[in-house]
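Colleague: Need a 3D model of the following:
(chains A and B)
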Amino acid sequence: MCRDERGQALALLVAVLGLAAVVVASLIEADGRLLRHLHATRAAEAAAEAAGGVAADAMLQLRADAIAEHRSVDAIRGALADPGLAVRAELAAREVLRPLDADLTRLELTRRSDELSAKVTVRSRGADGLARVGVRSP
Amino acid sequence: MAHLARVERGQSLVELALTLPVLLALAALIVTLSLVGVARLATENAASEAARTLALTNDDARATATALAAAAPLRADLVDVRIEPSARSLRPRGSLMRVVVGYRLSLPLAFAGFGDIRIEGVGVRRMEYLDVP
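Modeller: Numbers count the residues shown, from 1 in each chain, chains lettered A, B, ... in the order given. As a prediction, this is how the structure comes out:
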């Protein structure tokens, strides 16, 4: 009877070691996944804000020109009509993403009621990030 | 038979003595991994929030306060914040700046010779602040 119980603790140790290996691997995987997702989302936010900043500058310039010429202007429509805006916004977004180790997947500049929307999708370290900022007309 | 039982007496104690250190080391490893994971998420989040504050205000003190607040549940006295470029005048609207939030994590494996480790989160933003005189 006693002889049968020999090595019980060692068998238990092997079982616990296996379980611990699974726990450690799961922890590392979950931590990595969370961090990659957070990083991609934060990078997308930074890129969307950069693109939104460029759009805001463009709308301010349109508004300033309109005031100087004593005319009214729809700054959002005017900004979106400028083909150079998308290029400048994309450049700004890519510039922010470079030090964050992320790539721009997609940038959309659209009108959403009374604001210009900059929606950005990025890919970073195997995860996708999505963010949108709205820029109100000045 | 009585002799055999006496010989086996204490075997469990020996096995426990052999396995307990391994089990304790595993528990310490799991706790360490969890602490590192929390610290990485917190510093990444704090750096991004601080960068956003700095982009809007160009105020180092505000950005640092934001980082410390956003780094919770990390101990604020072990958190450090570095802003690049360091001078306000070098961060005009449209330029890029970087906020690095560092944290000195004390490992529960210090008894095994593993000292503190440093964990960093990085936030980058395009400056939005416009200094209007």
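Colleague: so residue B:123 touches residue B:43, yeah?
Modeller: No - if you go by CB atoms under 8 Å, residue B:123 and residue B:43 don't touch, sitting 9.6 Å apart. Quick note: C-beta positions are derived from backbone N, CA and C, even for glycine.
Colleague: anything in contact with each of the two?
Modeller: residue B:101 (CB atoms under 8 Å, 6 or more residues apart in numbering or on different chains).
Colleague: ok, those two, which is more surrounded?
Modeller: Set residue B:123 next to residue B:43 and count neighbours by other CB atoms under 10 Å in any protein chain shown: residue B:123 wins out with 31 against 26.
Colleague: OK, contacts around that one?
Modeller: A:42, A:46, B:44, B:47-52, B:98-101.
Colleague: Excluding chain neighbours, give the residue nearest to it in space.
Modeller: Counting by CB to CB, 6 or more residues apart in numbering or on different chains, the nearest residue to residue B:123 once its immediate chain neighbours are dropped is residue B:51, at 3.2 Å.
Colleague: Give me the subset of the contacts of residue B:123 lying in helices.
Modeller: Among the contacts of residue B:123, DSSP state H puts A:42, A:46, B:44, B:47, B:48, B:49, B:50, B:51, B:52 in helices.
Colleague: which of those has the most neighbours?
Modeller: Ranking those using other CB under 10 Å puts residue B:51 first, with 32 neighbours.
Colleague: For that residue, give its distance to residue A:64.
Modeller: Relative to residue A:64, residue B:51 is positioned 29 Å away (CB to CB, to the nearest Å).
Colleague: same check, this time on residue B:55
Modeller: 22 Å.
Colleague: And residue A:102, by the same measure?
Modeller: Applying CB to CB, the value for residue A:102 to residue A:64 is 33 Å.
Colleague: try residue B:22
Modeller: 71 Å.
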